[in-house]
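1. Return atomic coordinates for the entry below.
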Amino acid sequence: MTFTVLVTDYAWPSLAIERDVLRAVGAELLIAQHGDEAELIQLAPQCDAILTNWKKVTAPVLDAAQHCLIVSRYGIGVDNIAVDHATQLGIAVTNVPDFCLDEASEHTMALLLACARQVVTYATATRNGVWQVNTGHPVPRLRGQTLGVIGYGNIARALIPKALGFGLKVLVYTPRLVAGALAAFGPDCTATNDLTVLLSTSDYISIHVPLTHETRGMIDSKALRLLKPTAYLINTSRGAIIDETALSTALTEGWFAGAALDVLIQEPPPPDHPLLARQNVIVTPHVAFYSEVAVASVRQKAAEHVAQVLRKEVPTNILNEQVMQRSNYRLRG
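-> Residues are numbered from 1 along each chain as shown. The predicted structure follows:
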């Protein structure tokens, strides 16, 4: 029997890894050209599984995928997948929760250090022939300053020891943190369930929450007003967690020192995006996840989730476990 796996999009030169994994279970790849909703709706009736990177797997796409058993995400976040609708239809959804933990936490620290040490400012100045210490803003000593970490997922957990290693104090915000969870990190890592405390006391604020209805736009004008004048905001999670209009206003009016962003609401952004032209903003092109090893690993694992389902096995890292209790759970059929 031959299965068909729809690939909505991918960000690497070939799909050789996926082909090798899926060939072993008699599956062929059907590759979308654009990955927009209309195309995916047209292709979906042919597929037994979906592999997706960034393109949106919407409810209409899932409705059209009448034989689909699984949607497997290349990565951690699943905000591009209509997970609740998939559950209603009896479709399993998986992710790769240990993807790019080193890479994303390292990129966060790289952005933090670039802000603290004014790396971009100095590098731009020397390229323009200016060789002066006072080119950058006043540069603080990093040791003893506070990094506020919003969220406590796997990437945040990987970030904390790196930050502590630079002598930073770490303050973690999450309303659901279990008592004693941070004890292993030592006395310089503490928690708060009050976001306003973190925003108003941290020197660097790094976002590590998934994009949900609750977190969309959570860093708005009210939140940005709380930041210290010397603070920097870092986002390697999802662009829509920050209200970009409010952020642009805040930076224009000097509410706080600057921002370092690996993610934006629209990617790639239009050339006239106001944040791209700001001297106190660093923007990288959604690359915090990237290393050759990380990408190869996530491709292998996401494809293996599909292979497991096509072998009629329960997939690893199933997000919507409740789907297995439904009478219409497709893998049971």
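
2. so G254 is in which element?
-> Assessed by DSSP states H and E, G254 sits outside every helix and strand.

3. Any regions of the protein where pLDDT drops low?
-> 1, 333 (pLDDT under 70).

4. Tell me how far the spatially most central residue of it lies from Q279.
-> With distances taken as Cα atoms, centre = their mean, S237 lies nearest the centre of the chain, 3.8 Å away. Applying Cβ to Cβ, to the nearest Å, the value for S237 to Q279 is 24 Å. (C-beta placed from N, C-alpha, C; glycine too.)

5. start to end distance for stretch 86-95?
-> End-to-end distance for stretch 86-95: 14 Å, by Cα to Cα, to the nearest Å.

6. ok, now stretch 222-240?
-> Stretch 222-240 has an end-to-end distance of 16 Å (Cα to Cα).

7. tell me which element the closest residue to S291 other than its chain neighbours is part of?
-> What sits nearest to S291 in space, not counting adjacent residues and going by Cβ to Cβ, 6 or more residues apart in numbering, is E103, at 5.0 Å. For E103, the host element (DSSP H and E) is helix 101-116.

8. quick one, strands of this structure?
-> Secondary structure of the chain, counting by DSSP state E: strands at 3-7, 27-31, 49-52, 70-73, 92-94, 146-150, 169-173, 189-192, 204-207, 232-235, 258-261, 281-283.

9. Now the fifth one: buried residues?
-> Yep, that's strand 92-94 we're talking about. Of all the residues in strand 92-94, those buried under the rule 16 or more other Cβ atoms under 10 Å are A92, V93, T94.

10. Contacts only, for the last one.
-> When the contact criterion is Cβ atoms under 8 Å, 6 or more residues apart in numbering, the partners of T94 are I70, V71, S72, R73, A302, H305, P315, T316, N317, I318, L319.

11. Look up how far G75 lies from the fifth one.
-> Summarising the geometry, the distance separating A302 from G75, computed by Cβ to Cβ, is 8 Å.

12. and for those two, which residues touch both?
-> Both A302 and G75 are contacted by V96, under the criterion Cβ under 8 Å, 6+ apart.

13. Show me which of those two is the more surrounded one.
-> The neighbour comparison of A302 against G75 (other Cβ atoms under 10 Å) goes to A302, with 26 against 18.
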